[in-house]
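1. starting from these lines, generate the structure:
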Amino acid sequence: MGSTRRTKGRARALLINGHFDTVPGSPGASDDAVSCAIMLEILEVLSKMTQPLDNDLILLFNGAEENVLQASHGFITQHPWAKDIDAFINLEAAGAGGRELVFQTGPEHPWLVRVYSEYAAHPFAAVVAQEIFQANLIPSDTDFRIFRDFGKIPGLDIAFISNGYVYHTKYDNLASIQPGCIQRAGDNVLSISHHLLTSDEMERGWKEELYGQPVFFDILGFFIISLPTRSVTYMVWSLLAAAIGMIIMRDAKGFHGRPYFVSVIQAVLVILLSWVAGLVAIIFMGVIVSSFSRHMFWFSNPGPILGIYAAPALYAIIRVQRGLGLKMHKNTKAKTSNPWLAECMFFDAYVVIWSSLLALCAYAGLSSAYIPFFWLFFPVAIRQTVWKYIKAYRQEVLGDYTVLGIYLLMVSMPVIMSFYLLWVGLEVFIPIMGRSGSQINPEIFIGAFAFVGVIINTSYLTSLIQTFKTLKYTRAFLLGLFLTSTLAMFTSLGFPYSGDPMNPAPKRSYLQHTSRTYYDYSGYLSYEDSFLGVAPMDYLGVAPLFSDIPELKDAPEAGCDPEVPYCGLPYWVPVRSMLKKIWKLPAEPPKVPVPMNIKLVTKIEDKSKTRFEFNITAPDHMSVYISPRAHVNMTKWSMSKKIPKRNPNGVGGYAYIIHYGGGKPQDSWPLWIELEAGESHISSEPILDIAFAGQYKADFKYTPEIKDFLRRQPDWHFSVPIISTYFAYVY
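-> As a prediction, the model looks like this:
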């Protein structure tokens with residue numbers, strides 16, 4: 001959609017990107033048909049406007065995002081319009097419906113966040129989400145990385161995050177998208193796009209606001225706060241100076257007549273010790289959960305997390321702080337013993353802890369430093385302004401509502417913001433645990449999440465327990481919460497999965513009908529087998545399926561075969577680090593519509609260098625695993641001028657992996673590689689192991705073995721059927 005007012009100079013364009021492809025077995029309504037619908041609506045609205053555009057609009061409907069981001073790469077590196085793009089908006093989904101989160105921005109170019117904060121009708125953004133995603137803590141990727149790294153252009157990455165259970169499953173249909181969410185997202189994208197297209201914002205941004213990563217976050221979805229990093233840095237160090245100065249200037253004596261600050265440091269040590277006790281309580285509960293095989297009891301019903309993990313941790317923290325705090329101030333002379341002095345010292349101890357965390361975040365350059373900033377600014381500011389009221393009630397009995405009200409006022413804003421972020425985090429990460437792989441016990445993550453939530457949200461409040469006369473009501477509440485959650489864990493409420501179409505929480509597995517064929521150094525067939533591989537995507541493995549598919553109880557695991565590239569496991573993408581366990585069920589070799597044909601065309605040897613040229617006929621998806629032997633290096637290949645990163649799973653210690661994907665089978669695909677043997681290599685030994693894996697992911701007939709498995713699987717299990725063939729050669 002072109003500008004009608006540009007008369008000279010280069011074209012400036014805004015790109016909006018969405019993808020219309022989806023993964024096999026999923027309708028892809030939210031990921032990413034909704035985004036395509038929003039883009040079409042934006043096109044219709046803008047085309048009917050009488051106001052002329054100052055800049056061009058490019059709508060990219062790409063058809064190969066799920067194919068490892070191929071389409072966006074092809075566009076940004078080869079299309080002639082790519083050079084005109086000044087900014088982009090990438091529309092994605094990691095769930096279905098709900099609010100759409102801005103979880104990546106930039107790089108640099110703070111003007112984009114400013115535009116979003118000013119023009120988004122329903123803002124929802126957090127720089128902490130960006131830091132989590134770019135730390136690779138979420139097993140996913142988007143076209144944002146392609147535009148950023150290969151196009152060198154700034155943008156906004158926006159995704160629906162609610163109900164991640166349906167992501168890449170059969171449940172990602174129109175019924176899973178809540179009413180109003182499309183309108184909400186459309187309002188936001190249209191407002192931002194309209195401003196960028198009808199103003200000189202992009203031109204000014206590239207000239208005047210080129211550098212700087214802003215600190216941004218929304219306040220409960222009502223509005224966005226976006227600040228330049230430099231301004232935040234000044235605010236951080238000013239607040240730190242004020243907080244530490246407040247403690248130093250206290251007109252009070254510490255315990256046993258020591259300087260006040262020394263007693264505050266003692267309180268800091270007590271708090272840290274109480275956190276250790278809370279962590280031990282969570283670890284203990286994790287061991288109990290694992291011992292009773294109740295892993296992932298929270299997957300479809302997160303509520304019991306509070307009772308199983310949070311309640312014991314909080315009780316341990318309170319007991320340690322209360323016990324050692326009483327010991328600290330009761331050891332003083334009776335006439336000077338004052339629980340409110342202990343409360344003050346523990347409060348200031350939290351100030352020291354949050355000041356330290358804020359300083360560390362600022363030093364590390366973390367934009368998420370705004371979280372400890374909140375936990376330092378509001379309690380300190382309100383404490384200083386209303387301290388006289390707290391002082392007036394120091395000698396009053398426990399439970400004075402005025403004192404409690406002041407405490408709640410001090411922590412209300414940081415508690416609300418922390419709960420808000422924690423809730424969003426749980427909404428994102430709990431469904432991810434269903435596809436995060438079989439290697440790491442998810443109770444570790446959930447326990448850590450509960451621990452962080454407890455120590456953050458009870459900050460300062462636990463200092464008030466120093467004035468309590470009894471903990472019986474607190475103890476009774478936490479015990480009741482624990483017992484209720486434990487009961488739920490051992491009932492049907494603790495079963496991880498759900499096949500309810502309205503509230504799904506499915507177990508996911510790859511169902512891979514595989515045949516493997518190995519050839520030795522002489523070119524003779526050395527091994528072949530076939531099986532139906534079941535590769536669960538979560539920690540529980542195949543045990544939940546035993547009652548429906550009992551033969552899985554005795555099914556052997558397909559372990560790593562070190563004699564062939566990538567362990568002899570024909571994954572489409574390198575996910576073996578996540579999915580190391582595959583259970584093998586007996587199966588005949590699958591019949592495939594397009595058999596693979598690998599031909600070594602030429603082998604040219606020149607001193608220490610050897611060049612192999614292959615010609616390959618393959619289905620529309622294929623993987624190639626190139627594994628040079630020890631003391632042999634790949635120096636050139638036909639794929640690119642650069643040698644790619646190594647994958648650790650190879651016969652010679654590593655492998656290079658090619659993933660080929662297209663819209664139709666490849667009749668003839670040439671591939672050449674050049675290897676150089678080092679002086680330590682024995683000339684009579686092989687120099688190369690190479691394997692070719694054909695992947696039949698869609699438009700194929702299910703084999704009888706796949707049909708039988710799908711017929712018997714429970715309604716809460718979602719399978720991704722694939723047929724794979726694997727051929728390994730030694731040269």
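2. buried ones in stretch 456-473?
-> The neighbour-count check on stretch 456-473 (16 or more other C-beta atoms under 10 Å) flags 456-468 as buried. From N, CA and C alone the C-beta is placed, and that goes for glycine too.
3. can you check stretch 492-500 too?
-> Residues of stretch 492-500 classed as buried: Gly494, Phe495, Pro496, Tyr497, Ser498 (neighbour count, 16+ other C-beta under 10 Å).
4. re earlier: which one among the buried residues of stretch 456-473 gets closest to Leu421?
-> Ile456 (9.3 Å; C-beta to C-beta).
5. okay, and the closest one sits in which element?
-> For Ile456, the host element (DSSP states H and E) is helix 442-457.
6. now for that helix, which elements pack on it?
-> Applying 3 or more C-beta pairs under 8 Å, 6 or more residues apart in numbering; DSSP states H and E, we find helix 442-457 packed against helix 260-291, helix 311-330, helix 401-432.
7. so it versus helix 401-432, what angle?
-> On the basis of axes from the mean of the first three to the mean of the last three C-alpha atoms, to 10 degrees, helix 442-457 is oriented at 160 degrees to helix 401-432.
8. returning to that earlier point: just give me the closest of the buried residues of stretch 456-473 to Asp620.
-> Ile456 (48.9 Å).
9. tell me the spacing between the closest one and Ala313.
-> Using C-beta to C-beta, to the nearest Å, Ile456 is found at 12 Å from Ala313.
10. again, but for Val415
-> Distance, Val415 to Ala313, by C-beta to C-beta: 17 Å.
11. who has more neighbours out of those two?
-> Shown here are Val415 and Ala313; by other C-beta atoms under 10 Å, Ala313 has more neighbours (28 against 20).
12. how about the contacts made by the nearest residue to that one once chain neighbours are set aside?
-> Excluding its sequence neighbours, the residue lying closest to Ala313 (C-beta to C-beta, 6 or more residues apart in numbering) is Gly278, at 3.9 Å. Contacts for Gly278 (C-beta atoms under 8 Å, 6 or more residues apart in numbering) come out as Pro312, Ala313, Leu314, Ala316, Ile317, Phe451, Val454, Ile455.
13. most neighbours, which of these?
-> Counting by other C-beta under 10 Å, top hit in the contacts of Gly278: Ala313 with 28 neighbours.
14. in the protein, where is pLDDT below threshold?
-> 1-10, 251-258, 329-338, 387-402, 698-700 (pLDDT under 70).
15. could you check the angle the helix holding Ile456 makes with helix 260-291?
-> Angle of helix 442-457 versus helix 260-291, following the same axes, to 10 degrees, is 150 degrees.
16. need the next SSE after helix 442-457, C-terminal direction.
-> Taking DSSP H and E, what comes next after helix 442-457 is helix 472-489.
17. chain center to the following helix or strand past that following helix, what's the gap?
-> Sequence order places strand 507-519 as the next helix or strand after helix 472-489, per DSSP H and E. The chain centroid and the centroid of strand 507-519 are separated by 27 Å under C-alpha atoms, centre = their mean, to the nearest Å.
18. same deal with stretch 224-240?
-> What separates the centre of stretch 224-240 from the centre of its chain is 27 Å, taken as C-alpha atoms, centre = their mean.
19. got the buried residues for it?
-> For stretch 224-240, by 16+ other C-beta under 10 Å, it's Ile224, Ser226, Leu227, Val232, Met235, Val236, Leu239, Leu240.
20. helices of the stretch 151-300 of the chain, start to end?
-> 181-197, 201-208, 229-248, 260-291 (DSSP state H, counting those that start in this stretch).
21. what's the closest of these to Ser724?
-> Closest among the helices of the stretch 151-300 of the chain, using C-beta to C-beta: helix 260-291, at 33.1 Å.
22. contact partners for the nearest residue to Arg294 once chain neighbours are set aside?
-> Closest residue in space to Arg294, ignoring its immediate chain neighbours: Met489 at 5.4 Å, by C-beta to C-beta, 6+ apart. Taking C-beta under 8 Å, 6+ apart, we find Met489 in contact with Val289, Arg294, Phe297, Pro304, Ile308.
23. how about a cut-off of 6 Å?
-> The contact partners of Met489, taken as C-beta atoms under 6 Å, 6 or more residues apart in numbering, are Arg294, Phe297, Pro304.
24. what about the second one, how many neighbours?
-> Neighbourhood size, Phe297 [other C-beta under 10 Å]: 26.
25. and the residue nearest to it when sequence neighbours are not counted, what does it touch?
-> Excluding the flanking residues, the one nearest Phe297 by C-beta to C-beta, 6+ apart is Gly494, at 3.9 Å. Going by C-beta under 6 Å, 6+ apart, Gly494 touches Arg294, Phe297, Ala488.
26. what's the separation between Gly494 and Val289?
-> In terms of C-beta to C-beta, Gly494 sits 10 Å off from Val289.
27. same question for Leu688.
-> According to C-beta to C-beta, Leu688 stands 48 Å off from Val289.
28. who's in contact with stretch 687-699?
-> Contacts of stretch 687-699 (C-beta under 6 Å, 6+ apart): 24, 565, 570, 572, 592, 596, 598, 618-619, 621-629, 632, 651, 675, 677, 722-731.
29. which of these count as buried?
-> Buried, going by 16+ other C-beta under 10 Å: 565, 570, 572, 592, 596, 598, 618-619, 621-629, 632, 651, 675, 677, 722-731, out of the contacts of stretch 687-699.
30. just put the contacts of Met489 in CSV and tack on distance to Gln104.
-> Shown next, in CSV, are the contacts of Met489 (distance: C-beta to C-beta, whole Å):
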residue, distance to Gln104
Arg294, 36
Phe297, 33
Pro304, 33
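31. taking the buried residues of stretch 224-240, tell me the two that lie furthest apart.
-> Among these, Ile224 and Leu240 lie farthest apart (C-beta to C-beta), at 25.1 Å.
32. if I look at the most centrally placed residue in the chain, how far off is Val452?
-> Ranked by distance to the mean C-alpha position of the chain (C-alpha atoms, centre = their mean), the top residue is Ile138 at 2.0 Å. According to C-beta to C-beta, Ile138 and Val452 sit 17 Å apart.
33. what is the burial count for Asp21?
-> 17.
34. that one belongs to a strand?
-> No: going by DSSP: H, G, I helix; E, B strand; the rest coil, the assignment for Asp21 is coil, not a strand.
35. so what's it up against?
-> Applying C-beta under 6 Å, 6+ apart, the residues near Asp21 are Gly63, Glu66.
36. which of the contacts of Gly494 lies closest to Leu60?
-> For these, the nearest to Leu60 is Phe297 (42.9 Å; C-beta to C-beta).
37. okay, that closest one and Glu427: tell me how far apart.
-> On the measure of C-beta to C-beta, Phe297 and Glu427 end up 18 Å apart.
38. ditto for Ser509
-> Using C-beta to C-beta, we find Ser509 at a distance of 24 Å from Glu427.
39. more neighbours, those two?
-> Taking neighbours as other C-beta under 10 Å, Ser509 and Glu427 compare with Ser509 leading, 25 against 18.
40. not counting its neighbours along the chain, what's nearest that one?
-> Pro536 (4.7 Å).
41. could you check how many residues crowd around the one you found?
-> There are 24 residues near Pro536, going by other C-beta under 10 Å.
42. any idea how far it is from Thr486?
-> Using C-beta to C-beta, Pro536 is found at 26 Å from Thr486.
43. same check on Ser683?
-> 67 Å.
44. cool, and Tyr363?
-> Distance from Tyr363 to Thr486, by C-beta to C-beta: 42 Å.
45. neighbour count: these two, which is higher?
-> Thr486 (20 against 10).
46. confirm that Ser530 sits in a strand.
-> Yes: according to three-state DSSP, Ser530 belongs to a strand.
47. that one is in contact with Ser515, isn't it?
-> Yes: Ser530 sits in contact with Ser515 when judged by C-beta atoms under 6 Å, with a separation of 4.2 Å.
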